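1. with the sequence up front, the predicted model follows.
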Amino acid sequence: MILIISSLLAVLFWGSLALIFYTYFGYPLLISLLPSRKPTINPSQATALPSVTLLIAAHNEQAVIEEKIRNSLACEYPREKLQILIVTDGSQDRTPDLVQKYQGQGVELLHQPERRGKMAAINRAMPSVRGEIIIFSDANNLYQTDTLQKLAQPFSDPQVGAVTGAKLILKGDGDLGESEGLYWKYESYIKKQETRVGSCTSVAGEILAIRKSAYIHPPDNIINDDFFTAMQVIRQGYRLVYTPEAKSAERVSPSARDEMIRRTRINAGRYQAIALSRQVLPFRQPVLVWQIFSHKFMRPLVPFFMLAALVSNGLAVLIQPIAPQGWLFLGPPLGIVFLVLQALFYLLAVVGTRVQKNQGGGRLRTLFYLPTFLTNSNLAALQGFFQFLKKRPGHLWQRIERR
């Protein structure tokens, strides 16, 4: 009986370790080894630009909305082909009034007092959209002057149904900003490789362009509306491509606590997407299904793999005196070494979290980046799981103060 338990613990430990490794390193490696897909048309050779609607959903954004409007008006895109539409449903501050100031410059406002969530506001705005291409954006991110052009150019390929750009984290926000910036560089690499072989499976909702003819209204209660919307485009047979030359910049959340709230909500949305797999996955394209599982669905499961690795490792060490086994069964010294390494990893994360709060540590801070980011990210995934189980109305965004 002890031998069976020891074997099960070993399988659980090595299996969990393999799944963690595959999620973070194995999948990016595999996707980078696949052959490239030849494009139907070279986007850089496109001359005619389509008409676009820049759609901005803003709720209580009086602190940043004017800067966002000025940034949008400064974008280098033919004015006769650009519609700037801002929907401010449910805003209780001066956001609608501030938007109204720019109506003489071609900025359009939609507002109603009732708040029903971001997706409901976007769906309500759709009948007012005139552009062939809809570019979804937020109030707190800023585009480079050529971003709209870079997003529009790939649509010269008729097989392209959606385009997402690069999310940049502005420097100067300490360890939290550095960690978040590194994460988006890692994400950028994966999306480049996915686009190279066909379609990417992840989007940044604040810089996402979709053919109006391919847009399908998500239900109002969808949490991660950008992912759900992008998957509906893929399910229609279109490609979703990543264009890193189209850049959007923003600040990281003001504090680690605020960032945890943001990540928790996003992870609750990932569990919701897993539960809605039949409405999300493009089952006629098995390679894309594998990509979505590997890139999007396995990420929120990593905290369970981490817990399984820690518990199975600890139990295996405890029963070794009763049933001594070889290294494959985490026999000494391997079992103790792995347990110490895991304990050290989480200790570094605890110290790193304190360093982030105090903005101290000097050069030693780089030692804490990875364990702190991974541990806090997976803690947020775990909290997102419980939020999803409680069926809280996560589609109503808990607004975080801007830096």
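-> It's in.
2. all helices of the stretch 1-150 of the chain, in order?
-> For the stretch 1-150 of the chain, helices defined by DSSP state H, counting those that start in this stretch occupy the ranges 2-21, 27-33, 65-73, 95-100, 118-125, 147-152.
3. for the ones you listed, which one sits closest to Ser51?
-> Ser51 lies closest to helix 147-152 among the helices of the stretch 1-150 of the chain, at 9.2 Å (Cβ to Cβ). Where C-beta positions appear, they are placed from N, C-alpha and C, glycine not excepted.
4. confidence score at the closest residue to Lys167 other than its chain neighbours?
-> Nearest residue to Lys167 in three dimensions, chain neighbours excluded: Ala204, at 4.3 Å (Cβ to Cβ, 6 or more residues apart in numbering). What the model reports as pLDDT for Ala204 is 93.
5. where does the spatially closest residue to Lys150 that is not a sequence neighbour land in three-state SS?
-> Nearest non-adjacent residue to Lys150, counting by Cβ to Cβ, 6+ apart: Ala246, 3.6 Å away. With DSSP: H, G, I helix; E, B strand; the rest coil as the basis, the three-state label of Ala246 is strand.
6. wait, what's in contact with Ala246?
-> Gln144, Asp146, Thr147, Lys150, Leu151, Val163, Gly165, Ala166, Ile207 (Cβ atoms under 8 Å, 6 or more residues apart in numbering).
7. thinking again about what came up before, now render the helices of the stretch 1-150 of the chain as a markdown table, adding mean neighbour count, distance to Ile319 and mean pLDDT.
-> As requested, those are arranged in a markdown table below (neighbours: other Cβ atoms under 10 Å; distance: least, Cβ to Cβ, whole Å; pLDDT from 0 to 100):
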| stretch | mean neighbour count | distance to Ile319 | mean pLDDT |
| --- | --- | --- | --- |
| helix 2-21 | 16 | 6 | 92 |
| helix 27-33 | 16 | 33 | 97 |
| helix 65-73 | 19 | 59 | 97 |
| helix 95-100 | 20 | 61 | 95 |
| helix 118-125 | 21 | 51 | 88 |
| helix 147-152 | 24 | 57 | 97 |
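8. tell me which of those approaches Ser137 most closely.
-> From these, taking Cβ to Cβ, the stretch that ends up closest is helix 65-73, at 7.8 Å.
9. which residues touch that closest one?
-> Counting by Cβ under 8 Å, 6+ apart, 54, 56, 58, 61, 84, 86, 95, 98-99, 101-102, 105-107, 137, 139-143 sit against helix 65-73.
10. what subset of these is buried?
-> 54, 56, 58, 61, 84, 86, 95, 98-99, 102, 107, 137, 139-143 (16 or more other Cβ atoms under 10 Å).
11. and the furthest pair within the contacts of Ala246?
-> Taking Cβ to Cβ, no two of these sit farther apart than Gln144 and Val163, at 15.1 Å.
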